[in-house]
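In: give me a 3D structure for the following:
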Amino acid sequence: MPIAALLRDNPYVLAPLAGYTDLAFRLLCRERGAGLCFSEMISCHGLVYEQKNTRLLLQTTTNDRPLGIQLFGSNPEVMAEAASRINVQEADCIDINMGCPVRKVIKKGAGAALMKDIRLAEDIINQVVRHTTLPVTVKFRSGWNNEHIIAPEFAQMAESAGASAVTIHARTWAQAFGGKADWQIIARVKGSVSIPVIGNGDILCYEDGEKMRSETGCDGVMIGRGALGNPWVFSQQGRPDSLKKRLPVILRHLELVEEHLEAEKILFRVKNHIGRCLGGLPGASRMRQEIMILKDLNSLKTLLTNEQGNPRP
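Out: Numbers count the residues shown, from 1 in each chain. The predicted structure is shown next:
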């Protein structure tokens, strides 16, 4: 299905987040209202060289749709080869990461570094589009810094190179994840291209997403860090104000982890998710401390269930 049709059905998109958006978390967010969801960031080299840990990031199910696979890298040929290995049974689109600000990614010439080399970025998009039948999207930032805001021009280049949609995180590389996102840049990008535009940045509740759509005219709203500890962000009802009301979703997350992932191998990641879900509750700090010393998933379930029946300050 074309990206525009996916966004018409549901404009709320789960962002690709390294270390977070695994299969279990994607399914949980879908159950709370998310539409299109993206995988964790996947190395093109890891995919081409069939690295086991990279292949695990492609894990999906029939319920995990529509799904986008996000690739990162700086070599056009390797990116193209990686894209060719993703088939229609695994995904509905391929996203190219041109916005990651993390230094170890930047040092390899990937992520946001590609905004400093538009010709290379264009070559990568061209090559990926030529080597897949899936729609290709591109995620990037406002620019490198406030003196170099190039998002509209970059979006036009991506459209000309064959991208089916673009996602703009309305911060510069220099901002990383700090400061305030400038949504007017999203509006400028929307006015510069004819393909769908997905806005990203500072969405902490459903109402924020509606406000972004109203102010910028964007076709979709991507939520990243705002979904961590808050899969309820995709629905108007928002995050409940008590552990009793949050617990069914927290336990559902644990159920999905047990069903689809190697739970004990990612126990720290699971505990991180749960700790975030406790945000704002009485006794949250104490509960997080207790959670972090637990050794297995069953102990975590027991603690949460007991806490519901016998809350402590």
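In: need the contact list for L204.
Out: 226, 230, 233 (CB atoms under 8 Å, 6 or more residues apart in numbering). Glycine gets a C-beta too; all of them are placed from N, C-alpha and C.
In: how about V270?
Out: If you count contacts by CB under 8 Å, 6+ apart, then V270 has 253-254, 257, 263, 297, 300 around it.
In: could you pull out the helices for this structure?
Out: 3-9, 23-31, 44-48, 52-56, 76-84, 103-106, 118-130, 151-160, 183-192, 206-216, 243-260, 267-277, 284-292, 297-309 (DSSP state H).
In: Throw the ones you listed into TSV and include distance to H169 and mean pLDDT, thanks.
Out: Shown next, in TSV, are the helices of the chain (distance: least, CB to CB, whole Å; pLDDT from 0 to 100):
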stretch	distance to H169	mean pLDDT
helix 3-9	17	92
helix 23-31	18	98
helix 44-48	20	96
helix 52-56	24	89
helix 76-84	20	97
helix 103-106	14	94
helix 118-130	15	98
helix 151-160	9	98
helix 183-192	9	98
helix 206-216	12	98
helix 243-260	26	94
helix 267-277	21	93
helix 284-292	29	92
helix 297-309	33	83
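In: neighbours around N200, how many?
Out: A total of 27 residues lie near N200 under the criterion other CB atoms under 10 Å.
In: ok, the spatially closest residue to R246 that is not a sequence neighbour to Y206 distance?
Out: Nearest-residue entry for R246: P240, 5.0 Å, with adjacent residues in sequence omitted and distances by CB to CB, 6 or more residues apart in numbering. From P240 across to Y206, the span is 14 Å (CB to CB, to the nearest Å).
In: please identify which of those two sits among more neighbours.
Out: Legend: neighbour count by other CB under 10 Å for P240 and Y206, higher for Y206 (19 against 14).
In: surely the more buried one and F234 touch.
Out: Yes. Contact criterion CB atoms under 8 Å: Y206 and F234 qualify, at 7.0 Å.
In: T167 and R130: what is the separation?
Out: Taking CB to CB as the measure, T167 falls 21 Å from R130.
In: and for G35?
Out: Distance of G35 to R130, computed by CB to CB: 28 Å.
In: those two: which has the busier surroundings?
Out: With neighbours defined as other CB under 10 Å, G35 and R130 compare such that G35 has more, 19 against 14.
In: hmm, that one is touching A5, no?
Out: No. Using CB under 8 Å, G35 is not in contact with A5, being 11.0 Å away.
In: about what we covered before: out of the contacts of L204, grab the one that's most surrounded.
Out: Most neighbours among the contacts of L204, by other CB under 10 Å: V233, with 24 neighbours.
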